[in-house]
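In: Quick one, structure for this:
(chains A and B)
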Amino acid sequence: MPPLFFGTTDHRLFGVYRPSRRDAGRSGVVLCYPCGQEYVPAHKAFRFLSSLLADAGHDVLRFDYHGTGDSGGDLDGGTPATWCADVSTAIDELKDTAGTDQVSLCGLRLGAAWAAQVAAERSDVARVVAWDPVMDGRAYLEALEQSAARDGDTLEDQGFALTDETRAQFAAVTPEAYARVRRPMLVILTQGEAAGIRADVERVPGPCVWVEGELGPGGLPVRALHRIVDWLG
Amino acid sequence: MSGPVGDAIQERIAHFGRPKTLVGVTTLPPSREATRDQTVVIVNVGVIHRVGPSRLHVQLARRLASDGFVTLRFDFSGIGDSEPRPERIVPDGVRQDLNDALSYLQASVKATRFVLVGLCSGANASLRYARLHAGVVGAVLLDPHSYKTPGYYLRHYRRRVLRWQSWRNVLTGRGGQWPGDRDSRAGYEAPPPPGDGLVSPPTVIPRPEMEEGIAELAGRGVQLLNVYTGGHEAYNDRKQFWELFPGFRGKPEIQVEFLPSADHTFHRRSARHEVIALIRDWLTTRFPRLPQRNGASDVPVSSSWPTHSRTLR
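Out: Got it, this is the predicted structure:
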């Protein structure tokens, strides 16, 4: 399970690569974290998801977007546009590291939106899992602004500066963002609705892994994780 | 004051332990010549992985590297990216993991003197471990466990009496409900087995142990910075530390600070800036650079870290 830095010196990303535990990897999977305050609670579930996927024969890369986690950059450095570019960089890194031609994407919440956007733009994405995707960017932004910390003129969420540019890009997330995906897509819902998405939608009732305290110590969204692994094959 | 904030600090993956199950990131000053003798180790806050709440640990590590301190932030076993301990039940896991971390730093950057930094349970873990390792020369304890004093209650109720909201609640019959009453464990799917290889820093330290520990460390010359925030559930004034431990008054090794406007996890940017500035100032004052021998300070900076580390932008 080697952690690694990849990308360029000026735009360096931290990732953890987990190679397939079988002789030949079935395919690559890039995991896309949620953003802001949802990132830390979801971290553990992502670690276990990578482990399950590696057991099932996938080469897996999970990574921190620029300006988040252990990746380079400062609080104000990341925007949704750069994070989508980071997903693309991670795909290239995984293809190079694992020697695979095609990669699937699995994203949680806003990570699902970035995964869908990248999948719509690239021809080498095999499948997409959108796990509790953010469907209504405006509603998401309104909720975020309620909980974000206001510090003078600055509004920030767990270290992310909510700039006008970031807000505009969050608000632009709509079901249309997912409708543009022309690859097989699974939507896993533990809550909410997924109206307007043309995809396999499955309800897997369970805890919201991105909410602090929802899982409790040692808890994992077992059913959702296994369903994702089964669907990716 | 601190040295210049350069943009040439470097970061390196730290993958260590026996076997290699622990994961962290070492942040390095721009060059060996710019490096101080003390190495900083930042430990986990509860189950939050090594980046810390609102990325506090990442920002702190990078600022300290620019001041010349090699800094390691890492995950205890079973937290973040570190694997659980194979023996599952780990009574002294904090000690084992920190031993591994310090051994790794001794081997990789020839570190011999360490300063531990921890928030909340991480502060408690730092205090306990500092007593066990002679190489620890300093500790920054952010919101360590504390104990309410008569002075605490006096201040607490005086502030409530002076607050309009308290009277409004009395007059309208509101209040008395805790916002966190709902069962936050609803939907919990996989209860942890007894013993899961996860290392849990202590959330509570008995008062006699705290007093004995601080006395022992100060007696050993270990420098201590205790920082309490306005978000601490059992601490509400700068002088409360001295109310608790009057015998420590005047000990030069102990510095106590109270940041009333900061919350427990430094959620606001200004609170993070404030605590990072405080730690930088304390470290650079308590551990000044020693004059370099043989005119080494005039030597152009040329000796960089090994090439597998990367420059951080």
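In: ok, B:R286 touching B:V140?
Out: No - at 10.2 Å, B:R286 and B:V140 do not qualify as touching, with contact defined as Cβ atoms under 8 Å. Bear in mind the C-beta positions are built from the backbone N, C-alpha and C, glycine included.
In: what residues do those two have in common as contacts?
Out: B:L225 (Cβ atoms under 8 Å, 6 or more residues apart in numbering or on different chains).
In: I'd like to know how far B:K20 sits from chain A.
Out: Separation of B:K20 from chain A (Cβ to the nearest Cβ, to the nearest Å): 9 Å.
In: Count the neighbours of that residue for me.
Out: 15 (other Cβ atoms under 10 Å in any protein chain shown).
In: three-state assignment of it?
Out: Recorded secondary structure, B:K20: coil (DSSP: H, G, I helix; E, B strand; the rest coil).
In: Can you read off the pLDDT for it?
Out: Per-residue pLDDT puts B:K20 at 89.
In: Dihedrals phi and psi, it?
Out: In terms of degrees, to the nearest 10, the main-chain angles of B:K20 are phi -70, psi 90.
In: what do you get for A:L186?
Out: phi -110, psi 130.
In: Does it have any beta-bridge partners, and if so which?
Out: Beta-bridge partners recorded for A:L186 (DSSP bridges): A:V129, A:D200.
In: more crowded one of B:R286 and B:V140?
Out: B:V140 (27 against 17).
In: so what's that one bridging to?
Out: B:V117, B:L225.
In: my guess is it contacts B:L119, does it?
Out: No - shown here, B:V140 and B:L119 do not form a contact pair, counting by Cβ under 8 Å, at 9.0 Å.
In: which residues of the stretch 51-200 of chain B score low on pLDDT?
Out: B:88-91, B:164-198 (pLDDT under 70).
In: List the contacts of the residue nearest the centre of chain B.
Out: Ranked by distance to the mean C-alpha position of chain B (Cα atoms, centre = their mean), the top residue is B:G118 at 1.7 Å. Contact partners of B:G118, counting by Cβ under 8 Å, 6+ apart, are B:42-45, B:124-126, B:139-142, B:144, B:201.
In: Which of those fall in strands?
Out: B:42, B:139-142 (DSSP state E).
In: Looking at those residues, point me to the pair that's furthest apart.
Out: B:I42 and B:L141 (12.4 Å; Cβ to Cβ).
In: ok, the two, which is more surrounded?
Out: B:I42 (29 against 26).
In: separation between that one and B:P246?
Out: With distances taken as Cβ to Cβ, to the nearest Å, B:I42 is found 31 Å from B:P246.
In: so which helix or strand takes in A:M135?
Out: For A:M135, there is no host helix or strand (DSSP states H and E).
In: That one contacts A:Q191, doesn't it?
Out: No - using Cβ under 8 Å, A:M135 is not in contact with A:Q191, being 11.5 Å away.
In: who has more neighbours, the two?
Out: Set A:M135 next to A:Q191 and count neighbours by other Cβ under 10 Å: A:M135 wins out with 23 against 13.
In: What residues does that one make contact with?
Out: A:173-175, A:178, A:192-197.
In: count of neighbours near residue 105?
Out: No chain specified, so I'll use chain A. Neighbours around A:L105, by other Cβ under 10 Å: 29.
In: Sorry, I should have been clearer: chain B.
Out: With other Cβ under 10 Å as criterion, B:L105 counts 25.
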